[in-house]
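A.B. asks: Could you look at this predicted model? Sequence included:
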Amino acid sequence: MVEDLFHPPKLSKPTFDDANEQPPAHCILRVGSFSRLQDRHHAEYRDHFSSTEFKAGGYRWVLTVYPNGNKKENGDGHLSLYVRMVDKLGFGNSVSVALRFLIYDQIRDKYLTILDIREKRFQAIKNEWGMPKVLPLSSFTDCCNGYLVKDCCVFGVEVLVINVENYASEVSVLKPTSNWEYTWKIDKYSELGSPSYSPVFTFEGWSWYVRRLVLYPRGLCEAEENSLSLFLELHNSCRLGNGTKLFAEYSLCLKNQLKGSNHQTTCKFILFSCLFITPFSKLLIPLLVLIEVVVHYLQLIHTMKAQLSFMFLFVLIFSSTAVGTWFSSTCTDLGHMSFLPLEDVSSSLKGLMRDDCVIVEVKIEEMFLLKEMEKANIGCGVDC
């Protein structure tokens, strides 16, 4: 927790270690004739002396000693040690620091180490932090303790700069101003190569939401020569850098060209069937077969209407699906290796191919964008 600016908490007291043999890493201040300096730093306007500048964490600092205690912070009768930042910080900027003060024990050749485990935040209006009560002066000046020997002493400090980099991200919903639907009419389907790409299309005019459909007319990998493979690809995924991701929930389908007049109704039913019917398709398949048998025996002549009614429902359930995924720079496409058996695609009764023409439709139901927030907006409310 970062130190409060003017009212530091009374919890988390400093820790003391008198067995440290390592000298200070950043600053050592050797003081001769400590008592004489002490006599000359009684006045309120002259109550401390400082070391030369040293660098730590990319900033310049000085170690400040109050030989009679910092009376402004109730340090009277104690040795007070502080660190002051020499560099000037701009308004609103701050540097968080952990401080460790050291006093050399000249008898035992060790350093008394005082670690203030609370972070200090240096900024333009508060550029000095430290400890007003490091040691009582009576303990410090007692030669038996080894800190002040022959009126000489050695102080030190280590400044650990905590480089806090705020990385924030947000997930936002992309609101459509028009229907996110695209239709790809494929003529001369039987002559298609593999893979075949649709023209590039976009939604909402955002260049990095450009997509295209990828179709393998004779299947891909294990589905080759058995099924049609169909994928939705994020065309320029290179724009999704630094962890930016785009979630899209969409449905893919082959249009039943024998029911072209019900295109809009078909799309709505596709979404419903994908979300609610498809998970139970194993139970529905026998029921649909039973319906077909009943229709077969009730009608002595198989009218085209009866056949198309069943086949149309079949297409709705099995030739469309709604899926969702996060598109990123490393995940650029998603779809179905076995979208539909090739025999169903070519069947004239199912209406998916007509005059060697196939129509593929994609509909984006919802999109979310995960991106890095601008630092100026970090900390703002949800309405920012």
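C.D. replies: Received the coordinates, thanks. As the structure is a prediction and not an experimental result, all values here were calculated from the model.

A.B. asks: Would you indicate which residues of the strand of greatest length in the chain are buried?
C.D. replies: Under DSSP state E, the strand in the chain containing the largest number of residues is strand 357-372. Of the residues in strand 357-372, those buried under the neighbour-count criterion (16 or more other Cβ atoms under 10 Å) are V358, I359, V360, E361, V362, K363, I364, E365, M367, L369, L370, K371. Backbone N, C-alpha and C define where each C-beta goes, glycine included.

A.B. asks: Now it: average pLDDT?
C.D. replies: Summarised as a single mean, pLDDT over strand 357-372 is 81.

A.B. asks: now do stretch 254-271
C.D. replies: Per-region confidence: stretch 254-271 scores 46 on mean pLDDT.

A.B. asks: Over to stretch 230-249?
C.D. replies: Within the predicted structure, the mean pLDDT of stretch 230-249 is 73.

A.B. asks: picking up where we left off before, strands paired with the longest strand of the chain, and their directions?
C.D. replies: Here strand 357-372 is paired, per DSSP bridges, with strand 169-173 (antiparallel), strand 181-186 (antiparallel), strand 245-254 (antiparallel), strand 353-354 (antiparallel).

A.B. asks: okay, that strand in CSV with CA atoms only?
C.D. replies: Taking C-alpha atoms only, strand 357-372 is exported to CSV below (Å, rounded to 0.1, in the frame of the first residue of the first chain):
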residue,chain,number,x,y,z
CYS,A,357,-24.5,-22.4,-57.7
VAL,A,358,-24.1,-22.4,-53.9
ILE,A,359,-24.9,-19.5,-51.6
VAL,A,360,-23.1,-19.1,-48.3
GLU,A,361,-24.3,-16.8,-45.6
VAL,A,362,-22.7,-15.5,-42.5
LYS,A,363,-24.4,-13.5,-39.8
ILE,A,364,-22.5,-11.8,-36.9
GLU,A,365,-24.7,-11.9,-33.8
GLU,A,366,-22.5,-10.0,-31.4
MET,A,367,-19.0,-8.7,-31.1
PHE,A,368,-16.8,-7.7,-28.2
LEU,A,369,-13.4,-5.9,-28.4
LEU,A,370,-10.7,-6.5,-25.8
LYS,A,371,-8.1,-3.8,-26.0
GLU,A,372,-5.5,-1.9,-24.0
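
A.B. asks: how close does D355 sit to D344?
C.D. replies: 17 Å (Cβ to Cβ, to the nearest Å).

A.B. asks: So which of these two has more stuff around it?
C.D. replies: Neighbours per residue (other Cβ atoms under 10 Å) separate D355 from D344, with D344 holding more: 19 against 8.

A.B. asks: Measure how buried the residue nearest to that one when sequence neighbours are not counted is and give me the count.
C.D. replies: Closest residue to D344 in three dimensions, ignoring its sequence neighbours and counting by Cβ to Cβ, 6 or more residues apart in numbering: K350, at 5.8 Å. K350 is flanked by 24 other residues according to other Cβ under 10 Å.

A.B. asks: correct me, but K350 touches K255?
C.D. replies: No. K350 is beyond contact range of K255, at 11.2 Å (criterion: Cβ atoms under 8 Å).

A.B. asks: just to revisit the earlier point, distance to F122 added to the strands paired with strand 357-372, as TSV?
C.D. replies: As requested, the strands paired with strand 357-372 are arranged in TSV below (distance: least, Cβ to Cβ, whole Å):
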stretch	distance to F122
strand 169-173	28
strand 181-186	56
strand 245-254	37
strand 353-354	73
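
A.B. asks: what about stretch 129-145, average pLDDT?
C.D. replies: What stretch 129-145 shows for mean pLDDT is 94.

A.B. asks: measure it end to end?
C.D. replies: The first residue of stretch 129-145 is 26 Å away from its last residue (Cα to Cα, to the nearest Å).

A.B. asks: And for it, what's in contact with it?
C.D. replies: By Cβ atoms under 8 Å, 6 or more residues apart in numbering, the residues outside stretch 129-145 that reach it are 3, 14, 64, 66, 68-70, 73-75, 77-83, 97, 99, 101, 103, 105, 107, 114, 116, 120, 122, 147-149, 153.
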